[in-house]
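[1] This is the structure alone, sequence omitted:
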């Protein structure tokens with residue numbers, strides 16, 4: 001009668017491979033950009049890059065549509081919680097440019113108050129306001 005070991009070298013190798021994968025995946029998210037040669041930097045100056053705004057699952061959404069209440073009244077009817085973040089989102093077409101979106105956002109931001117966050121992004125659609133428990137780094 002022979003006894004077999006329940007864990008073979010294949011299982012051990014698979015475990016080590018998974019650990020290596022998890023460490024590599026974690027490190028890939030925290031990569032530090034490599035410094036460029038001064039000549040390469042001079043030939044290709046850094047360009048402004050749009051960053052994605054961190055967002056959580058929305059609790060309530062207001063869309064500027066016919067028949068919708070004014071934003072200020074809608075916000076007054078929502079439950080207040082200091083942890084909630086109001087985000088006003090306005091979109092613009094490439095032909096119009098972001099300045100037209102900012103003009104649209106001005107009265108909405110006044111109605112939303114001081115703690116509101118403004119997101120201007122390319123695209124189509126009416127302005128909207130979103131209430132969510134956004135992550136602290138988004139505030």
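    Perfect, I can see it now. In this text, all values refer to a predicted model and were calculated from it rather than measured experimentally.

[2] What's the separation between residue 116 and residue 92?
    Per CB to CB, to the nearest Å, residue 116 is found 18 Å from residue 92. C-beta coordinates here come from the backbone N, C-alpha and C atoms, glycine included.

[3] Now the helix or strand where residue 108 lies: buried residues?
    Assigned by DSSP states H and E, residue 108 falls within helix 98-112. Residues 101, 104, 105, 108, 109, 111, 112 are the ones in helix 98-112 that count as buried (16 or more other CB atoms under 10 Å).

[4] Does the very next helix or strand once past that helix pack against any helices or strands, and if so which?
    Using DSSP H and E, the helix or strand that follows helix 98-112 towards the C-terminus is strand 117-122. With contacts defined as 3 or more CB pairs under 8 Å, 6 or more residues apart in numbering; DSSP states H and E, strand 117-122 has these neighbours: strand 85-92, helix 98-112.

[5] For residue 57, find the nearest of those.
    Nearest of the helices and strands packed on strand 117-122 to residue 57, taken as CB to CB: strand 85-92 at 12.1 Å.

[6] distance between the closest one and the chain's centre?
    12 Å (CA atoms, centre = their mean, to the nearest Å).

[7] Same check on stretch 65-80?
    With CA atoms, centre = their mean, you get 24 Å for stretch 65-80.
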